[in-house]
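Student: Need coordinates for the following:
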Amino acid sequence: MSTRFKAKYNIKKGDTVVIIAGDDKDLKKPRKVLEVIVDKGRVVVEGVNIVTKHTKPSAQNTKGGIVKKEASINISNIMLWDAKAGAATKVKRTREEGKLVRVSKKSGEVIK
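Tutor: Next up, the predicted model:
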């Protein structure tokens, strides 16, 4: 995603989200965002898109072997979770006291 301007996303590290598309699709199970890769438009979500990685023995990992870890998914496949409404929600940005804040469209509550 090499574009002229840096993309702005409503998802941040530590947010609770639901997976709305793909193999791990579950609209009722909120999960935590571990990392947001802005320049590629991808996110790493806890317990989603588990891949097996074969590692060689090294100084840190003397055994090596097969490691299961989360891989990134496209940011379009997730939606922010609204705890008050108990469902996925869209987000709008508004100014409150001179600061931009994220507001849930379903419940109208500010997202921390």
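
Student: Can you spell out which residues form a bridge with the residue nearest the centre of the chain?
Tutor: Closest to where the C-alpha atoms of the chain average out (C-alpha atoms, centre = their mean) is V33, at 3.9 Å. When assigned by DSSP bridges, V33 has beta-bridge partners V45.

Student: So it is in contact with V48, correct?
Tutor: No: checked against C-beta atoms under 8 Å, the pair V33 and V48 is beyond contact range at 9.9 Å. C-beta here means a position set from N, CA and C on the backbone, and glycine is covered the same way.

Student: Please enumerate residues in contact with the worst-scoring helix or strand of the chain on mean pLDDT?
Tutor: Here the helix or strand of the chain ranked lowest by mean pLDDT, DSSP states H and E is strand 110-111, holding a mean of 92. With C-beta atoms under 8 Å, 6 or more residues apart in numbering as the test, strand 110-111 has contacts from D15, L80, V91, E96, V101, R102, V103, S104.

Student: Okay then, goodbye and thanks.
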